[in-house]
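Participant: structure of the sequence below:
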Amino acid sequence: MYGHEPRPFAGYKFLIIDDEMMQAWRVGDMLSMLGGTVGKIAFDYDQGVAALADASWDCAVVSINLNGKLTFPLVTILEQAKIPFIYCSADADVLVDVYPELVSKVRVNKPVTINKLRDAVLLVLKARKL
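Facilitator: From the prediction side, this is the model:
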């Protein structure tokens, strides 16, 4: 599929924080197809906190809800470390009404497609360079 296509994420190291194992692996596969390296997949909140101790991430893909625990504190750590991220959630657009802090964030709804993921990640990476 992307074997002969441009690999826009070549040289970028990604962190995925998602409690849905299959979805996390699928996102990881897409990032790899786009040339990125998935350095870590955190499947729960505590693993996410531990993964954030390593500030060498170029970008993170974060679920909004990890087994009932909202990830806003994790995102605050990402923001303080100036690590770009996107939200990835089945309810991303619906949750905007409940959590106004999501309005200004880049987000994609599950199930994720490679094109939507690519576009969202490119948007936050480009914003970081400005």
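
Participant: number of nearby residues for the closest residue to residue 56 other than its chain neighbours?
Facilitator: Distances taken as C-beta to C-beta, 6 or more residues apart in numbering put residue 13 closest to residue 56, at 6.4 Å, once the chain neighbours are dropped. Every residue, glycine included, has its C-beta placed from N, CA and C. The local packing of residue 13 (other C-beta atoms under 10 Å) involves 16 other residues.

Participant: wait, residue 13 sits on residue 32?
Facilitator: No - using C-beta atoms under 8 Å, residue 13 is not in contact with residue 32; the gap is 11.6 Å.

Participant: centroid-nearest residue for this structure?
Facilitator: Nearest to the mean C-alpha position of the chain, by C-alpha atoms, centre = their mean, lies residue 61 at 0.8 Å.

Participant: what secondary structure does that one sit in?
Facilitator: With DSSP: H, G, I helix; E, B strand; the rest coil as the basis, residue 61 sits in strand.

Participant: my guess is it contacts residue 86. True?
Facilitator: Yes - applying C-beta under 8 Å as the test, residue 61 and residue 86 come out as touching, 5.7 Å apart.

Participant: any common contacting residues for those two?
Facilitator: 117, 121 (C-beta atoms under 8 Å, 6 or more residues apart in numbering).

Participant: tell me how far the longest helix seen in the chain lies from the chain's centre.
Facilitator: Longest helix in the chain by number of residues (criterion: DSSP state H): helix 114-129. On the basis of C-alpha atoms, centre = their mean, to the nearest Å, helix 114-129 sits 10 Å off its chain's mean C-alpha point.
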